[in-house]
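1. model this:
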Amino acid sequence: MHRQQGNGIYEWCETIVFAISAALIILVFGFGFSRVNGSSMYPTLVEGEQVLTCSFLYSPERGDVITTDALIPYGKPLVKRVIALEGDTVWIDGSTGSVYLNGELLEEDYLPEGTLTMPDDRTEEFTVPEGKVFVMGDNRSGSLDGRSLEVGFIDERDIIGEVLFCVSPFSSFRRIE
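-> Numbers count the residues shown, from 1 in each chain. You can find the predicted model right below:
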């Protein structure tokens, strides 16, 4: 009887060690946390919130909210929304504030009603270069983003991952879309 108890404890410890190891591997290689600085993603994200990002096998898609590393031309990490991928053409109509993607009006239901997107340095239609994405904040009037040559296009290699959840403060826990 005593021998069976020893085997049970060993199996239980083995299971716990395996679970902790698996969790650490997932965190180290696939997930991370970032803090939102500034109001450029309001109302989707608010300054000071902590977000969970996933980088494991991530490939950017239009509409994703992403985090970048500090190796971008701007020199600081950013949290922004992917608007266009390599090869896409973008034009921002300066008279209406509308964004056109590949010749069609971009439907942006994540923006607050009445949001106008005014061009900054990019006043002409442009094409996103290979290996890059074009990003913008949801708070278009208060966002330094791809419209400015200071930020420019984001190299896909500088994307840390997609923002999945707001995790802190806990009262603000939600899925980010």
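2. For the spatially closest residue to residue 130 that is not a sequence neighbour, list the residues it contacts.
-> Nearest residue to residue 130, sequence neighbours excluded (CB to CB, 6 or more residues apart in numbering): residue 86, at 5.0 Å. The way it works is simple: take the backbone N, C-alpha and C, and place the C-beta from them, glycine included. Residue 86 makes contact with 128-133, 156, according to CB atoms under 8 Å, 6 or more residues apart in numbering.
3. in which helix or strand would I find the residue nearest the centre of the chain?
-> The centre of the chain sits closest to residue 66, judged by CA atoms, centre = their mean, with a distance of 1.1 Å. Residue 66 is part of strand 65-68 when elements are defined by DSSP states H and E.
4. Show me what the very next helix or strand once past that strand packs onto, helices and strands only.
-> Per DSSP H and E, strand 65-68 leads on to strand 79-85 as the next helix or strand towards the C-terminus. In terms of contacts (3 or more CB pairs under 8 Å, 6 or more residues apart in numbering; DSSP states H and E), strand 79-85 is packed against strand 65-68, strand 99-101, strand 132-136.
5. avg pLDDT for the last one?
-> What that stands for is strand 132-136. For strand 132-136, mean pLDDT rounds to 97.
6. Just checking: what are the partner strands of it?
-> As defined by DSSP bridges, the strand partners of strand 132-136 come to strand 79-85 (antiparallel), strand 154-155 (antiparallel).
7. Okay, strands next: where are they in this protein?
-> 31-35, 50-54, 65-68, 79-85, 89-92, 99-101, 104-105, 126-127, 132-136, 154-155, 159-168, 174-175 (DSSP state E).
8. and those, which is most packed in?
-> strand 132-136 (a mean of 25; mean count of other CB atoms under 10 Å).
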